[in-house]
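> I would like the atomic coordinates for the input below:
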Amino acid sequence: MTDGDTNLPTIERKLGLQIWGIENMKMVPVPEKAYGTFFEGDCYIILHTKRTSRGSAVDLHYWIGRDSSQDEQGAAAVFVTQLDTALGGSPVQHREVQGHESETFQSYFRNGIIYKKGGVASGFKHVETNMYNIKRLLHVKGKKHVSATEVALSWDSFNKGDVFLLDLGKVLIQWNGPSCSIAEKSRGLALARSIRDSERGGRAQIGIIDNERDSPDLMQIMRMVLGERRGELRDAIPDTKADELQKANVRLYHVYEKDNDLVVQEVATRPLTQDLLQHEDCYILDQGGFKIYVWRGKASSPEEKKAAFTRAVGFIQAKGYPSSTNVEVINDGAESAMFKQLFQRWTEKNETQGLGKVYTTGKIAKVEQVKFDTTQLHARPELAAEQRMVDDASGEIEVWRIEDLQMQPVNPKTYGQFYGGDCYLVLYTYLRSGRPHYILYMWQGRHASVDEITACALNAIELDKKYGDEAVQVRVTMGKEPRHFLAIFKGKLVIYEGGTSRAQKSAPEPEIRLFQVRGTDEVNTKATEVPARASSLNSNDVFLLTTSQVCYLWCGKGCSGDEREMAKMVADIISRRDKHTILEGQEPAEFWEALGGKAPYASEKRFQEQITHYQPRLFECSNQTGRFIMTEVVGFCQEDLDEDDVMLLDTWEEIFLWIGKASNAQERNEAIASAKEYLKTHPAGRDLATPIILVKQGYEPLNFTGWFNAWDPYKWSDGKSYEEMKNSLGDVSAISEIKVDLNNLSLNKRALSTTSLAGSGTANTSSEYKSHFSHSDSNSYSNSNSNYNSNSNNYNSHSHSPSSPAMVPNGEGIYSREVLMHRTVDELPEGVDPTKKECYLSDADFHDIFGKSKDEFYQMPKWKQQNEKKQFGLF
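Numbering: from 1, shown residues only. Predicted coordinates:
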């Protein structure tokens, strides 16, 4: 196939996911029900489109199965190049290799990815639902990104640390290794339920083995399928992931051809700056061998652009990196968030920062701050997140200074004055929904001793305990105070470079001091002491110069009236002397004399380019293996915060650490160290003084929840735990029939004592469970069907007639879940009201999906009903 071939199928311009397999060198659509399932012998093309604030973002992936042929891999690469051209060169392109997929790719399949043996060349097809003639063992790995690989039906495939799923068509048995975490078990169960609902039409039962001794009957079925187990199980296999130190090792290479040879020339190492990328050229950015980016300049030649993947693969080979190394090809002007974050500063031209709008005064360009209505913060949590504001800053404040390693109350008259030689604790209390919430700021002076900084942290823990461990803890480094911290001091925040506010001062205060004042109102104003010399001045700001006789208010040409007014208020705090306002260019000789004489200072306009780093990123933190490893969750939502996690949310201006209730003590204790390590190893050379905010599960402030779409404050009280999900599967004391016809062995019409397929010990019989097993021989699953090949996944079962159970109501107006979930109006059975899909579910299906009865559901507020219906594809 040449580049000139037009073998592209019709591409729909629609949001969401579209997947094609490569069959006979052509792109063939994969049925939606099979999304997330990939044959190891094949290659696939994946197109994903999502809405953004600027319109839409398109990602184009080609996926390489471990057993796919070179021809198929080549065809997939060419198709991606052609698709890129057809879509106007806007997509970010990715090369994905089985088992080493990018976080972006994995984010499309929230329930996990399943790898099946075989492929199209072997006659295998993506099957439709209700295929029960199956016998396979899936090895499930991962907490945030789940993948399931088909492995040999043998105890030798098992280990102590992972989840394994024995799939027997009508029964799925989930075996959880003794070292599995709750999150791994939950993700395994989500995958099992996904197989049950999408592949089996909801007509399969899930059994769970958490402890082999407690599940003798399920273990008997496993032994019948796998044989007796001999010897000990293997230990858990640690994931081989790149650590943050490896990812921080970024290098930029200029790539070009010379005399038919590919020349790769190193241009720069960390930290990288945006101006290194020239529009006429192509570049390769090597992120420590973890990932390879190819950047294609707007003015580079078409030949260079087409050769992007070839060059990346050639680079991987030349460097001796694994062939599975991830590749991302990006176009000049359409860079991905992940790529931008590798640079020290990435700006989009002609945009203002935040809510500002540009205007010009002479040579000094300023951004006029548009005031936002603080009363909107609760109604619009996304505004709270953007503005970094928890509330309107009208709460109560208490301040302590660390003195002799203990907390000493600060005189309320001096609240807002912080000295660089001290450490302070600031407790902010505010009401939300009628109950108090707490933020505990730990302010660390630049010249404070290590002992004082340590004592500050220890006292913060004690103070937090006093308030029931509910406080949000914020580490504040001098000079990097977050916006809310500024707001709570109502424009009276003054930062002194050194010294102390203690009664016994070790050194006399300097006679001449210079303060830079920035801010336009009580919410955003701060005065910071700077060296008292002329070179510290800046035409964009107001400065206060205090001497023994007078206090000068020096107004730069670029400052606004609001800034001058705020400076006057601060001047009354700093000095009791007479105030003299002087304009830039009209300074008296005494002014320059106090500063040690005239000197050049910053007088150029302050550029206000939009820094686009603000796109938030969520990571799972782990250092259990002794290496600092972070797993990114792309397209994150509240569901990604698991109780046993420590998660890091990076919003660029601030770092949030979310601590789950069941997280292990070591990771909790080392959370702050992990955040510091993250900043230190960040490829963009981040500011180590970035505020770090500790948030505990159940006590999340608005400036945290606002980064999540549709945050549910009741999730932690109403959400299902793993045990609740397990119990909702159906708890049964006897099974009328399970037939496993393997080597003439059967378990037939056997009472399974008190152990249920859900693996717990009570004896309530679920109507849902009975319905799954009420069909006798017709729904038994057997290995005797001549179409079944035990070495493959070609599950050619008896074809379904139009009266297939999946499409026939189970009673008066009752339909099975797969007929209703994620269906358009046209796909629904005749007579079904598309606005009330949930009404047509059986009571058992309804309870399993929503975790509550229909009566309980309809008692909820309408908005909450709609949210849950959207969540489960019934809206």
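
> Which stretches in the stretch 1-150 of the chain count as strands?
In the stretch 1-150 of the chain, the strands defined using DSSP state E, counting those that start in this stretch lie at 16-23, 26-29, 37-39, 43-52, 55-64, 92-97, 113-116, 136-141, 147-151.

> swap that for the stretch 351-500 of the chain, please
Assigned by DSSP E, counting those that start in this stretch, the stretch 351-500 of the chain shows strands spanning 357-361, 364-368, 396-403, 406-409, 417-419, 423-432, 435-444, 472-477, 493-496.

> if we can go back for a sec, please name whichever of the strands of the stretch 1-150 of the chain is nearest to F485.
strand 43-52 (30.9 Å; C-beta to C-beta). Using the backbone N, CA and C atoms, a C-beta is placed for each residue, glycine as well.

> who does that closest one touch, helix- and strand-wise?
Secondary-structure packing of strand 43-52 (3 or more C-beta pairs under 8 Å, 6 or more residues apart in numbering; DSSP states H and E): strand 16-23, strand 55-64, helix 70-86.

> list the buried ones in the second one?
The neighbour-count check on strand 55-64 (16 or more other C-beta atoms under 10 Å) flags 57-64 as buried.

> In TSV, list these along with distance to N867 and pLDDT.
As requested, these are arranged in TSV below (distance: C-beta to C-beta, whole Å; pLDDT from 0 to 100):
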residue	distance to N867	pLDDT
A57	25	82
V58	28	87
D59	27	88
L60	31	90
H61	30	92
Y62	35	88
W63	33	91
I64	38	90
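
> Please identify which of those residues is nearest to L138.
Using C-beta to C-beta, the shortest approach to L138 within the buried residues of strand 55-64 belongs to W63, at 18.6 Å.

> measure that closest one to G99 for me?
According to C-beta to C-beta, to the nearest Å, W63 stands 11 Å off from G99.

> just checking, L618 touches D640?
Yes - in this structure, L618 is within contact of D640 by C-beta atoms under 8 Å, at 6.4 Å.

> Pull up the overlap in contacts between the two.
633, 647 (C-beta atoms under 8 Å, 6 or more residues apart in numbering).

> So which of these two has more stuff around it?
Taking L618 and D640 together and counting by other C-beta atoms under 10 Å, L618 has the greater number of neighbours (23 against 19).

> Next up, the contacts around the more buried one.
By C-beta under 8 Å, 6+ apart, the contact set of L618 is 632-633, 636, 640, 647-650.

> do K185 as well
Counted by C-beta under 8 Å, 6+ apart, K185 has contacts 163, 174, 176, 210, 722.

> and those as TSV, adding neighbour count and secondary structure?
Output for these, formatted as TSV (neighbours: other C-beta atoms under 10 Å; DSSP: H, G, I helix; E, B strand; the rest coil):
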residue	neighbour count	secondary structure
V163	25	strand
Q174	27	strand
N176	24	strand
D210	18	coil
Y722	22	helix
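
> Torsion angles phi and psi at the residue of the chain positioned farthest from its centre?
For the chain, the largest distance from the centre (C-alpha atoms, centre = their mean) belongs to A589, which lies 57.3 Å off. Dihedral pair for A589: phi -60, psi -30, per degrees, to the nearest 10.

> any idea how far it lies from L544?
For A589, the distance to L544 - C-beta to C-beta - is 19 Å.

> Same question for P9.
From P9 to L544 the distance is 68 Å (C-beta to C-beta).

> before we move on, what about V264?
From V264 to L544 the distance is 54 Å (C-beta to C-beta).

> can you tell me which of the strands of the stretch 351-500 of the chain comes nearest to Q220?
Across the strands of the stretch 351-500 of the chain, closest to Q220 is strand 472-477 (C-beta to C-beta), at 50.8 Å.
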